[in-house]
Structure formats: structure tokens, C-alpha cells
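K.L.:
Starting from these lines, generate the structure:
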Amino acid sequence: MSKYVKDLMIDGIQKVVGDCREVVVIDVSKVDAVSANRLRSALRVKNIRLLGVKNAVARRALGEIGLSGVGKALVGPSTLAFGGEDIVALSRELTEWADKIKVLQIKGGGLGDTSLTATDVETLSKSPGRKETLSQLVGLILSPGARVSGALLGAGGKLAGQVKTLSERAE
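P.N.:
Predicted structure coming up:
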């Protein structure tokens, strides 16, 4: 393959991946065409894209845009999976599909310069996603205020009313 063609392929991979900084590498070479079509369409609905790549070209293209962590997973037939809400949603979807399609293999991935093994991807799929983490954080932030308002509305509300009455009499 000529240097010109390789450069075109590198540019193509970089344009398709864009600003995505989390990638999971899978092997779909043993998946039959019907299952692969179902997989691609289901993932497309969730804004996850698949891209079959040549390993050396992908390693170079992704390394240039700051995704050098993917390099270790690029061995043998490789397909890049990227997109979705976050890395947790991406790994969760791919893990579910790997359970449905037994010949689909998760090889690893990368999160910027950090390499992920297949076990890491499976562990990520079981952790809370971005939305769940944000909702937990908001709940923790709002809980002291909720306790105070609950105390004022409950039995403490009568006490607050009495304190207010006493302060009005004092004036």
C-alpha cells in the first residue's frame, strides 16, 4: 500500500472518530452477516458507530489524535466501536451484545492514553454511567436542605412557629 493511500486512510479514520476519546475494540470477523447487521443497526440507534480498520493504520491514526491507549488492543481482526453517551454506555452495550452473540469478542479499548483490557471493559459496563453518577451527586448535594425542610415541615415546624411567635412578642 502506498504512503498516499495510507495517509488517506489515516485522515478518514481521524475524521470518522472525530473528537471521541473513548474507543472499544471488538472482533466481528466470526459473526454472521445477519447478526452483524442487527448489531450495527441496534448500535446506530444508540449513536454508537463501528469501523473496521487495518491495525497499523488505526494505531497511527488514533495515536496522532491522542488515543494511543487503543494500540494494545489492535491485534488480529479489529473493529473500532465509538460514540454513545460515555464509555460506560458504550461498554455496557457491547457487553450485552457479546452475551447475545457468543462469537463476538471484546478485545479491549482505550480511554485517551489509558489502555483497557477486555476485563476492564466488562467492569466498566457494570459501573454507573454519567447520568447515574450525576443524579447521585445532585442527591448528595440536596440532601442537607431536604433534611432541614423536612424538620421544619414535620414536628419541628410547630417549634419554628412558636419561636416566631415568641420573637414577635419580644419586639
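
K.L.:
per the record, what domains does this protein have?
P.N.:
3-127, 131-170 (automatic domain parsing).

K.L.:
which stretches of the chain have low pLDDT?
P.N.:
Low-confidence segments of the chain, defined by pLDDT under 70: 145-163, 171.

K.L.:
before we move on, back to that, right, so the domains of the chain: which one is the most enclosed?
P.N.:
Sort the domains of the chain by mean neighbour count, taking mean count of other Cβ atoms under 10 Å, and domain 3-127 sits at the top with a mean of 17. (C-beta placed from N, C-alpha, C; glycine too.)

K.L.:
what about the strands in the protein?
P.N.:
Shown for the chain, the strands assigned by DSSP state E span residues 22-27, 48-53, 78-83, 105-111, 114-117.

K.L.:
now those in a markdown table, with distance to T165?
P.N.:
Output for the strands of the chain, formatted as a markdown table (distance: least, Cβ to Cβ, whole Å):
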| stretch | distance to T165 |
| --- | --- |
| strand 22-27 | 59 |
| strand 48-53 | 62 |
| strand 78-83 | 61 |
| strand 105-111 | 60 |
| strand 114-117 | 62 |
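
K.L.:
For the closest residue to A118 other than its chain neighbours, list each beta-bridge partner.
P.N.:
Nearest non-adjacent residue to A118, counting by Cβ to Cβ, 6 or more residues apart in numbering: I106, 4.8 Å away. Under DSSP bridges, the beta-bridge partners of I106 are I26.

K.L.:
ditto for the one 10 residues further on
P.N.:
Taking DSSP bridges, one obtains G109 as the residues bridged to L116.

K.L.:
Tell me how far the most centrally placed residue in the chain lies from T114.
P.N.:
Within the chain, one residue has its C-alpha closest to the average C-alpha position: by Cα atoms, centre = their mean, that is I87, at 1.8 Å. Noted for I87: a distance of 10 Å to T114, by Cβ to Cβ, to the nearest Å.
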